[in-house]
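K.L.:
Below is the sequence, then the predicted model.
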Amino acid sequence: MMHDLFMVQQGEIMSFSGELRKEKSRSDAQKLIVDVTSLLSSHMSRQKEMVGAHLACIRETLVGSNTVLNGHVGGWRE
């Protein structure tokens, strides 16, 4: 009888242990999703900032080139 009780308790412990592992796996998966989402969000923000800076640089270059071209065209008209 004592052996049966021990076997039942051991079965319950094994079942609990299995559930605990499953819960930890779910928790680890959720944490990983949060971490990856945060990483992607940060990366996208940095990429957006870099594109914005690059576009501003291109815009400045175009304005400068336009000014130079207007100066040349204006000189030909005179």
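P.N.:
That came through fine.

K.L.:
Pick out the residue nearest the middle of this protein.
P.N.:
Per C-alpha atoms, centre = their mean, the C-alpha nearest to the average position across the chain is that of L40, at 1.0 Å.

K.L.:
V34 versus that one, what's the distance?
P.N.:
The gap separating L40 from V34 is 11 Å, by C-beta to C-beta, to the nearest Å. Quick note: C-beta positions are derived from backbone N, CA and C, even for glycine.

K.L.:
any low-confidence regions in the chain?
P.N.:
The model of the chain has pLDDT under 70 over residues 72-78.

K.L.:
ranges for the helices of it?
P.N.:
For the chain, helices defined by DSSP state H occupy the ranges 2-77.

K.L.:
and L69, how far is that from L62?
P.N.:
On the measure of C-beta to C-beta, L69 and L62 end up 10 Å apart.

K.L.:
So what's the gap between stretch 51-71 and the chain middle?
P.N.:
Stretch 51-71 has its C-alpha centroid displaced from the chain centroid by 32 Å (C-alpha atoms, centre = their mean, to the nearest Å).

K.L.:
How about stretch 5-15?
P.N.:
Computed by C-alpha atoms, centre = their mean, the chain-centroid distance of stretch 5-15 equals 44 Å.

K.L.:
just the CA coordinates of it, formatted as PDB?
P.N.:
What follows is stretch 5-15, C-alpha atoms only, in PDB (Å, rounded to 0.1, in the frame of the first residue of the first chain):
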ATOM      1  CA  LEU A   5       1.000   5.800  -2.600                       C
ATOM      2  CA  PHE A   6       4.600   6.400  -3.500                       C
ATOM      3  CA  MET A   7       3.900   5.600  -7.200                       C
ATOM      4  CA  VAL A   8       0.800   7.900  -7.200                       C
ATOM      5  CA  GLN A   9       2.900  10.700  -5.700                       C
ATOM      6  CA  GLN A  10       5.700  10.100  -8.100                       C
ATOM      7  CA  GLY A  11       3.200  10.200 -11.000                       C
ATOM      8  CA  GLU A  12       1.800  13.500  -9.700                       C
ATOM      9  CA  ILE A  13       5.300  15.000  -9.400                       C
ATOM     10  CA  MET A  14       6.200  13.900 -12.900                       C
ATOM     11  CA  SER A  15       2.900  15.400 -14.300                       C
END
